[in-house]
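S.K.: Got a predicted structure plus its sequence, pasted below:
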Amino acid sequence: MIINTNPGAAMAARILGESSSALQKSLSRLSSGSKIASPSDDAAGTGVAMKFGAQINRIQAAKDNVGNAISFSQTQDGFLSKVGNALDRMSELAMLAQDETKTDQDRALYHKEYDKLDDFITAIKSKSFNGVNLFQSGAMTVTVASDGTTFGASGISLAKVGSGTSVATSGVSTSASAAASVTILRAAITALASDRATVGANMSRLESESTTLSVLKDNMSAARSRIADVDVAQESANFARQQILVQSGTAMLAQANVLPQSALRLIG
């Protein structure tokens, strides 16, 4: 029996320290919801989870870009729809102006509305979306992936509507000019139909890209979760186990510290 060294107490203290450290780690995981409380818990997992997290953020940013591009295209189509209504009315006026029972004075009244509708179409050409011209001939480049992949949404210029020698110079003030206007307006309506089809194709592609990004983000988030997120049920069981070990270790350390006092009986 010795009193200078207490191997039992030293071992109990060591095990108690290990149990206390494990308990603190389990408590940290449960309180944070993260399986990786410290990079030392899973060095490789920390790196992979970090890269997944950055990619998920880039995917969301790309999804936001695509959403804004869809809104841009929807705004384009809204204006094109109004242009279509104006062209329909203008072609109707051009047909009415060819009625031989009407005088040029009557046609002048038709021309007033015709001219205002033409001004309306011309004004739409300068409309913008957050400072970006809605009707520019160049394609709009949209980032559609986290790696920077882009899609070129075809531009709409409205060049054949209300410009140059087309609708802007036509009119319905005479029967002859009204007949010429019908031909010009038919071409303008055909061009507008093509423009709306182009915008529709852009929206369809962008909506598909948005759906793909949503699916990709969900899968990437699930993959990151498997690495970084704690299983609460499993960790709760481990937490209870470490609590018991700490409590029993504390009790055994107290007992180990009492054992050397038995030597006093021999001395006494």
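M.R.: Great, that's in hand.

S.K.: any idea how far R224 is from S214?
M.R.: Computed as CB to CB, to the nearest Å, the S214 to R224 distance reads 16 Å. Backbone N, C-alpha and C define where each C-beta goes, glycine included.

S.K.: wait, I15
M.R.: 35 Å.

S.K.: So for the two, which sits in the more crowded spot?
M.R.: Comparing I15 with R224 by other CB atoms under 10 Å, the one with more neighbours is R224, at 19 against 16.

S.K.: ok, and the closest non-adjacent residue to that one?
M.R.: Nearest residue to R224 in three dimensions, chain neighbours excluded: F52, at 3.9 Å (CB to CB, 6 or more residues apart in numbering).

S.K.: Which parts of the chain are strands?
M.R.: 128-129, 132-133, 140-143, 150-153 (DSSP state E).

S.K.: How about the residue nearest the centre of the chain: what's its closest non-neighbour residue?
M.R.: Nearest to the geometric centre of the chain sits K63, at 2.7 Å (CA atoms, centre = their mean). With CB to CB, 6+ apart as the criterion, K63 has its nearest non-adjacent residue at 4.4 Å, and that residue is L213.

S.K.: residues near the one you found, how many?
M.R.: By other CB under 10 Å, neighbour count at L213 equals 22.

S.K.: so who does it touch?
M.R.: I59, A62, K63, V66, V144, A145 (CB atoms under 8 Å, 6 or more residues apart in numbering).

S.K.: ok, back up a step: quick check: the residue nearest to the centre of the chain touching E207?
M.R.: No - applying CB atoms under 8 Å as the test, K63 and E207 come out as separate, 11.5 Å apart.

S.K.: before we move on, back to that, any chance of the strands of the chain in CSV, with mean neighbour count, distance to K116 and mean pLDDT too?
M.R.: Compiled in CSV, the strands of the chain are given as follows (neighbours: other CB atoms under 10 Å; distance: least, CB to CB, whole Å; pLDDT from 0 to 100):
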stretch, mean neighbour count, distance to K116, mean pLDDT
strand 128-129, 14, 22, 90
strand 132-133, 12, 23, 89
strand 140-143, 18, 31, 86
strand 150-153, 16, 32, 86
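
S.K.: and of those strands, who's closest to S81?
M.R.: Closest approach to S81 among these (CB to CB): strand 128-129, 15.5 Å.

S.K.: Outside of that closest one itself, list whatever touches it.
M.R.: For strand 128-129, contacts defined as CB under 8 Å, 6+ apart pick out S71, F72, T75, Q76, L134.

S.K.: Those into CSV, with extra columns for neighbour count?
M.R.: Formatted as CSV, the contacts of strand 128-129 follow (neighbours: other CB atoms under 10 Å):
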residue, neighbour count
S71, 14
F72, 21
T75, 16
Q76, 25
L134, 23
